[in-house]
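here is a sequence together with a model predicted from it:
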Amino acid sequence: MERFFVSTPIYYVNAKPHLGHAYTTVVADTLTRFNLLMGAQTYFLTGTDEHGDKIVKAAAASGQSPKEYADHISSLFRDLWPKLGIANDQFIRTTDPKHVKVVQEVLQKVYDAGDIYFGEYGGHYCFGCERFYTEKELVDGLCPDHQTKPEYIAEKNYFFRMSKYQGWLIDHIKANPDFIRPRQYRNEVLSLLESGALEDLCISRPKSRLTWGIDLPFDSNYVCYVWFDALINYLSALGWPRGEKFKKFWPFANHIVAKDILKPHAIFWPTMLKAAGLTPYLSLNVHGYWLVREAKMSKSLGNVIEPLKMVDAYGVDAFRYFLLREMVFGSDAAFSEEALVGRLNADLANDLGNLFNRSLAMCHKYFGGKIPIPQEEGPEDAEIKRLGREAMEKFQRHFEEFQCSRGLEGLWEMVRGLNKYIDSTAPWTLFKNKNTARLSTVMYVLLENMRKIAVHLWPVMPASAERMLAQLGMTFDKEKVYLPKELDAWGILDSGSQVAESSNLFPRVELPEPAPTPKPEGAPKPAPKAEPLAEAEFEDFQKLDIRVGTVLEALRHPDADKLLVVRVDLGEAEPRQIVSGIAEFFKPEELPGRQVVVVANLKPRKIRKQLSQGMILTVKTEAGMELLATPGQVPGGSRVS
Ligand code: MSP
């Protein structure tokens, strides 16, 4: 597609931004970046929805005027986005005079066409939803969303003849399978439309009840209903009716919303557009809710997640990756820090981070960091290329359908495939056997594939992808990348250019420590008495090469209960195998991912028939044993001095 216009909902300014808002906006940002790399001209719109009862009430509660209050909360949204790596092209506010003018123009147009009429209406009004409910829609007499009893209000108001467009809308949805997606929401809307007559929509509020809104151009005793006002932001932002941006981007409009606002977007909005003589949007993309402790986030439940806290703790790119990977677009997903830490460690630290770091380290050990010239390819190379092509193709196809989670899942087949490729081609053996020709090809295949992975990841983790490419000796230029070409492109990395020595872009993360509980005994137990050793010469100490490494795997020693056989990544081409007497204190499954301090130049020896290439340093206390480590994560192979 040559152009791509995407919007998020414009968020109410009655509360601070939370994880739910962050998710929708991260998805929009990611898809904008993705479409840019697919060769499209893109435009990405977000903003704030500032009129209506909700805002008046929230402002009054904080002792501010609606405008002051809206200015403040709107700026919280606007300022948050860059901190989440989000690069929107526009931030619209419904209090912008340009937007107000466009709303009035649309109202006048629809009024002149005879689709707005004045009538008496009595209905159940929910202040939380800012809308009237019919008897049928209430659940046990309560608002289905807020579980509160709506107020019965009878008054004269203006109505939009929505019912007139019911048949047209049904036909349009049926003729355009991607108009509302995923499919379950399309079906939901169709069954709603087909279950009975659509009612007309009340689009005004008398000023006697609400003044914080846009005046109806044809009756100054009324303001416009907040939804009729808000939906029009998608047009006013593009400069409707004569703006260049409108002409250029409206035919390519894709909206993203959560299921809470399906009906206004799937029913009010297309019928409003039709009545105003405009073509409907291209697609409405609907996602589920982030649930926290099994409930939708809400201030009253106290389960609101603040995006910036997650960014501070885990980094912006890791947080974006988690959001996009964890939620299957369309379904609900549960948010917990445990799930986040688990996924980051499994997918980013273990799968991707290790692959990347190992590839760079091997390139250094075998070729001094210079990308070698590949030689003749063998069947293993053809196979990994085929697998990579398939994975990238899946990634692109799913992202085109807004299914980022499935797309990433697809790409990870390539990440895991490459990890296996290292194990099966065993570059260390090729090196030992001086098979430089084969080693050059294997190395090139690895690095070129890492490049392909990095460019595909740019939409998801822009800063990390750019750093990965820099570590591969390249600069990223978004204007030059074209993802469809990447499926078959080969040989883009320049042989001879220099790669970084190691990479620690995706460190292992840990859950924050729970607040310490004071020990009943007071002071810590004294350390067991250890006799001082004789003095050592400085030169003797200097002989030791002590390094920090990351445990990849730990297994029980087949013949000794007290020993574990641990594989440690010291940032070298191959991991070390170290036999360590720690089995009484650590279970093998606790160790992968932990950093340890290793005496790396201890002469290799066999311990109970297993080769040990170093020693893991530990501290023995009366309470047991601790593994010596640095307070924070450091790149594997860092030297202790
Ligand atoms: N102002 C209206 C939208 C008008 S658009 C013309 C509105 N605002 S809102 O502040 O309530 O935002 C709702 C949107 O925020 C959802 O549709 C979704 O994009 C996002 N989310 C809010 N809570 C969410 C979750 N718990 N989970 C996922 N997304 C959530 O409605």
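Noted; the coordinates are in hand.

quick one: Arg547 and Gly637 touch, right?
Yes - using C-beta atoms under 8 Å, Arg547 is in contact with Gly637, at 5.6 Å. C-beta coordinates here come from the backbone N, C-alpha and C atoms, glycine included.

which neighbours do those two share?
Listed as contacting both Arg547 and Gly637 by C-beta atoms under 8 Å, 6 or more residues apart in numbering are 570-571.

more neighbours, these two?
Arg547 (23 against 20; other C-beta atoms under 10 Å).

tell me who's in contact with that one.
Residues near Arg547 by C-beta under 8 Å, 6+ apart: 570-571, 597-598, 600, 637-640.

rerun at 7 Å
Contacts here follow C-beta atoms under 7 Å, 6 or more residues apart in numbering; on that basis Arg547 touches 570, 598, 600, 637-640.

and the residues you listed, which is closest to Glu68?
Ser638 (51.6 Å; C-beta to C-beta).

now do that closest one: how many residues are near it, please.
19.

now it: how far from the ligand?
According to C-beta to the nearest ligand atom, to the nearest Å, Ser638 and the ligand sit 40 Å apart.

so that residue makes contact with Ile546?
No - applying C-beta atoms under 7 Å as the test, Ser638 and Ile546 come out as separate, 9.9 Å apart.

how about the residue of the stretch 401-550 of the chain found nearest the ligand: what's its closest non-neighbour residue?
Going by C-beta to the nearest ligand atom, the ligand is nearest to Phe402 of the stretch 401-550 of the chain, at 13.1 Å. Nearest residue to Phe402, sequence neighbours excluded (C-beta to C-beta, 6 or more residues apart in numbering): Asn285, at 4.7 Å.

the bottom helix or strand of this structure by mean pLDDT?
helix 538-542 (a mean of 81; mean pLDDT, DSSP states H and E).

moving C-terminal of it, what's the next helix or strand?
For helix 538-542, the succeeding helix or strand toward the C-terminus, using DSSP states H and E, is strand 546-556.

and after that following strand, which helix or strand comes next?
With elements assigned by DSSP H and E, the helix or strand that comes after strand 546-556 is strand 564-569.

can you tell me what sits against that following strand?
Outside strand 564-569, the residues within contact range by C-beta under 7 Å, 6+ apart are 354, 549-557, 575-580, 582-583, 586, 588, 591, 596, 598, 610, 616, 636.

and the stretch 251-400 of the chain, which of its residues are near the ligand?
By C-beta under 6 Å from any ligand atom, the part of the stretch 251-400 of the chain that sits against the ligand consists of 257-258, 260-261, 289-290, 296-297.

any chance you could map the helices in the stretch 301-450 of the chain?
Under the criterion DSSP state H, counting those that start in this stretch, helices of the stretch 301-450 of the chain are mapped to 307-314, 316-326, 337-343, 354-367, 379-400, 404-425, 427-432, 436-457.

how about the residues of the chain near the ligand?
Those residues of the chain that sit near the ligand, judged by C-beta under 6 Å from any ligand atom, are 9-12, 20-21, 23-24, 49, 230-231, 233, 257-258, 260-261, 289-290, 296-297.

tell me the buried residues within these.
Among the residues of the chain next to the ligand, those classed as buried by 16 or more other C-beta atoms under 10 Å are 9-12, 20-21, 23-24, 49, 230-231, 233, 257-258, 261, 289-290, 296-297.

contacting residues for Cys202?
With C-beta under 7 Å, 6+ apart, Cys202 has these contacts: 121, 132, 157, 159, 225.

now it. Nearest residue, chain neighbours left out?
Asn157 (5.0 Å).

tell me how far the residue nearest to Glu572 when sequence neighbours are not counted lies from Val499.
Excluding its sequence neighbours, the residue lying closest to Glu572 (C-beta to C-beta, 6+ apart) is Ala361, at 5.7 Å. Separation of Ala361 from Val499 (C-beta to C-beta, to the nearest Å) stands at 10 Å.

what do you get for Ile492?
For Ile492, the distance to Val499 - C-beta to C-beta - is 14 Å.

ok, the two, which is more surrounded?
Taking other C-beta under 10 Å, Ile492 and Val499 do not tie; Val499 has more neighbours (24 against 14).

how long is stretch 562-575 from one end to the other?
End-to-end distance for stretch 562-575: 22 Å, by C-alpha to C-alpha, to the nearest Å.
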